[in-house]
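A.B. asks: Test case, fold it:
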Amino acid sequence: MSSPYSAIFAAPGSRGFAAAGFVGRLPLSMMGIGIVTMISELSGRYGLAGALSAAFALSAAVLGPQVSRLVDRHGQRRVLRPATALALTAAAGLLLSAQQRWPDWTLFVFAAGLGCVPSVGSMVRARWAAI
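C.D. replies: Here you go, the predicted model:
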């Protein structure tokens, strides 16, 4: 008996974006706990670590829908590349500022910048709906 998934994956390109969606979802679930672990290990300041994780979560709650709105208006290709580049820059800045012990406000700026990370789940669902 054939698997019901064989019909789904018969569509052209479906395997590629399903794999990309799987890989793209992996880091998002660990970002908050990663921030807490990194900051508490480097500085011993659990309050700061929690505040940075909260700043990231709030920023994602505010900026995520805005990124999705831009995707709906202009398409995934035009929006996701710059949004991903901005999120990667913010992540690198957060890592660098924590390691170099820059002032706390820089940590908050970069944690908030991480909030523009695209919602991979929404992007993959949009592509499945098109199929």
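A.B. asks: quick one, what contacts the closest residue to Thr37 other than its chain neighbours?
C.D. replies: Among residues not flanking Thr37 along the chain, Ala49 sits closest, at 7.8 Å (C-beta to C-beta, 6 or more residues apart in numbering). Using the backbone N, CA and C atoms, a C-beta is placed for each residue, glycine as well. When contacts are counted by C-beta atoms under 8 Å, 6 or more residues apart in numbering, Ala49 touches Ile35, Val36, Thr37, Met38, Ile39, Ser40, Ser43.
A.B. asks: Just the buried ones from the residues you listed, in ChimeraX syntax?
C.D. replies: This is the ChimeraX syntax for the buried subset of the contacts of Ala49, where burial follows 16 or more other C-beta atoms under 10 Å:
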select :35,36,38,39
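A.B. asks: can you list the weak-confidence ranges in the protein?
C.D. replies: Within the chain, the stretches with pLDDT under 70 are 1-2, 5, 129-131.
A.B. asks: Enumerate the positions of whichever helix in the chain runs longest that are buried.
C.D. replies: In the chain, ranked by residue count with DSSP state H as the criterion, the top helix is helix 46-74. The neighbour-count check on helix 46-74 (16+ other C-beta under 10 Å) flags 48-49, 51-53, 55-57, 59-60, 63-64, 67-68, 70-71 as buried.
A.B. asks: what's the angle between the helix or strand where Thr37 lies and helix 46-74?
C.D. replies: Applying DSSP states H and E as the criterion places Thr37 in helix 31-43. If you take axes from the mean of the first three to the mean of the last three C-alpha atoms, to 10 degrees, helix 31-43 sits at 140 degrees to helix 46-74.
A.B. asks: which other residues reach the helix or strand just after the longest helix of the chain?
C.D. replies: Along the chain past helix 46-74, the next helix or strand (assigned with DSSP H and E) turns out to be helix 76-99. Residues from elsewhere that reach helix 76-99 (C-beta under 8 Å, 6+ apart): 35, 38-39, 42-43, 52, 67, 70-71, 102, 106-107, 109-114, 116-118, 123, 126.
A.B. asks: Could you rerun that using 6 Å?
C.D. replies: With contacts defined as C-beta atoms under 6 Å, 6 or more residues apart in numbering, helix 76-99 is touched by 38, 42, 67, 70-71, 106-107, 110-111, 113-114, 116-118, 123.
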